Structure formats: C-alpha cells, structure tokens
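Student: sequence and predicted model, in that order:
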Amino acid sequence: GAVVSQHPSRVICKSGTSVKIECRSLDFQATTMFWYRQFPKQSLMLMATSNEGSKATYEQGVEKDKFLINHASLTLSTLTVTSAHPEDSSFYICSASKSRLSSYNSPLHFGNGTRLTVT
Amino acid sequence: KNQVEQSPQSLIILEGKNCTLQCNYTVSPFSNLRWYKQDTGRGPVSLTIMTFSENTKSNGRYTATLDADTKQSSLHITASQLSDSASYICVVSANFWAGGYNKLIFGAGTRLAVHP
C-alpha cells in the first residue's frame, strides 16, 4: 500500500528558532501534498495545499511567511516553521495524493505526524 | 456553508459490543465521503471511501453507510476490540470542477474508548 513517511516524529525547539518537517511518499508519486495542524482533542485543520513545482495555496488565516512549504519533487514536501513560538506547538500532519484532485480513485495517505513543542 | 458534524463527540463501550457513529454533512458539490481512524499521536488511516451512488461499504468489522439524499453517513463497528479505541473522523470531499480543485471538509471526530 501507499506509504507516507513524516520526519521527525517529535521535535522540541527553543522560541525563535526554525524547524523543518519532511513529508515523503515512499512508493508513489505525490502530485499534491497537504499540510494540517491538529490541536488536542480537535480534528485536523488544513493549513496549505502544495502541488509539485508550484507555490503552495494557503488557507485563510495561515501565515505563508511563517509556514514555508516547499514541494520540489514528486516525493518530497517540507514545512518549515520559522521563528517558532510556544503557540506554534501542535501536531503537524501531512498527507499525499497521486492526483491534483483528491478523487475517489486517489485516496489520501497520511503521515504519522510531527509533535512540535516550542519552549 | 460546507460543514461536517459528527456525533457523539465521545463514546465508551465494552469490548465485544457494537456501536454506530454518525456523520451529517452540508457539503456541495458532493464528491465522496471518507471515514478515517486516528490512533492517538498518529496520522489518520483510511477505513472507507464512498461516492454518492454507494449506500454501504465494509472493511472488516467496519461498515459505513451513506444516504446522499439526507446527507447522512454512519460507521458501524461490530464486535469491538480494545484496539478500536481511537478517534474516527468523517471527511467529505467537494469537487469544484470549474475551479479545478478539490476541498476536503473534516468533521471534529468521535473519540471511541473500548473498555475490557
């Protein structure tokens, strides 16, 4: 089955530093990747959608200069949280799709998430 | 407004019992409805995907139903096991073909706890 690997699984950083999270599709080409954040006991909130080779589309309220997304290849997307602050502490999850449209034939495959703690 | 509402918010059942989780949606234009299982601290795992023409779909002890007319879906878990303890998320996909993109609307999830 399709596997999405997310790294690291946990990261603790100091306030003001930047953190990079990687999302890789291991056995398929991911035309589209999605980034979510999830607060405790809440559902996933879509942050941005990235298509390989083009700029990411950010959801309303998500700062594009703070959450930098790069999707340079069909198997790798990165999310960089710049100048992290304690309020950025959350669970970040990526998902990947084989097509630009998440249709019936292209289910989403999720990574296992990254727990970010900013001290 | 596109919304997905799940009930109950949380549920506790005894091992071996059955349970049913509900999902109501107001999403248009509807493309498909998905149920995911999310273990604590992990990413969601797909259970079922249904289009508007499908009324029911099973995956082992999980059976999802869809009524596209009333815009309701349910996830039935049979003979629950301790490992079924997780959050179950209903996700509805809306396809905006004119704009060439797809949007997923997530429910808040139902937290299920199976006790021995």
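Tutor: That came through fine. Numbering: from 1, shown residues only, chains lettered A, B, ... in the order given.
Student: what about stretch A:85-92, average pLDDT?
Tutor: What stretch A:85-92 shows for mean pLDDT is 96.
Student: now do the same end-to-end measure for that stretch.
Tutor: 15 Å (CA to CA, to the nearest Å).
Student: grab the nearest non-local neighbour of B:Leu47.
Tutor: B:Trp35 (4.4 Å; CB to CB, 6 or more residues apart in numbering or on different chains). The C-beta positions use only the backbone N, C-alpha and C, and glycine is treated the same way.
Student: how far away is that neighbour from chain A?
Tutor: Using CB to the nearest CB, to the nearest Å, we find B:Trp35 at a distance of 12 Å from chain A.
Student: bridging residues for that residue?
Tutor: B:Thr48, B:Cys90 (DSSP bridges).
Student: hmm, A:Thr49 and A:Ala56 touching each other?
Tutor: Yes - assessed by CB atoms under 8 Å, A:Ala56 is found in contact with A:Thr49 at 6.5 Å.
Student: which bits of chain A sit near chain B?
Tutor: Contacts of chain A with chain B, taken as CB under 8 Å from any CB of the partner chain, map to A:4, A:6, A:34, A:41-46, A:49, A:91, A:93, A:95, A:100-104, A:107-113, A:115.
Student: of the residues you listed, which belong to strands?
Tutor: Among the residues of chain A next to chain B, the members falling in strands (DSSP state E) are A:4, A:6, A:34, A:45-46, A:49, A:91, A:93, A:95, A:109-110, A:115.
Student: need those in JSON lines (columns: distance to A:Ala84 and neighbour count).
Tutor: JSON lines is the format used below for these (distance: CB to CB, whole Å; neighbours: other CB atoms under 10 Å in any protein chain shown):
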{"residue": "A:Val4", "distance to A:Ala84": "23", "neighbour count": "24"}
{"residue": "A:Gln6", "distance to A:Ala84": "17", "neighbour count": "21"}
{"residue": "A:Phe34", "distance to A:Ala84": "21", "neighbour count": "24"}
{"residue": "A:Met45", "distance to A:Ala84": "18", "neighbour count": "16"}
{"residue": "A:Leu46", "distance to A:Ala84": "20", "neighbour count": "18"}
{"residue": "A:Thr49", "distance to A:Ala84": "22", "neighbour count": "23"}
{"residue": "A:Phe91", "distance to A:Ala84": "14", "neighbour count": "19"}
{"residue": "A:Ile93", "distance to A:Ala84": "17", "neighbour count": "26"}
{"residue": "A:Ser95", "distance to A:Ala84": "22", "neighbour count": "26"}
{"residue": "A:His109", "distance to A:Ala84": "27", "neighbour count": "24"}
{"residue": "A:Phe110", "distance to A:Ala84": "23", "neighbour count": "22"}
{"residue": "A:Arg115", "distance to A:Ala84": "13", "neighbour count": "15"}
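Student: and of these, the nearest to chain B?
Tutor: A:Phe110 (3.5 Å; CB to the nearest CB).
Student: the spatially most central residue of chain A and chain B, how far apart?
Tutor: Closest to where the C-alpha atoms of chain A average out (CA atoms, centre = their mean) is A:Trp35, at 3.2 Å. Going from A:Trp35 to chain B by CB to the nearest CB gives 12 Å.
Student: so for A:Val4, what's the pLDDT?
Tutor: In this prediction A:Val4 is given a pLDDT of 93.
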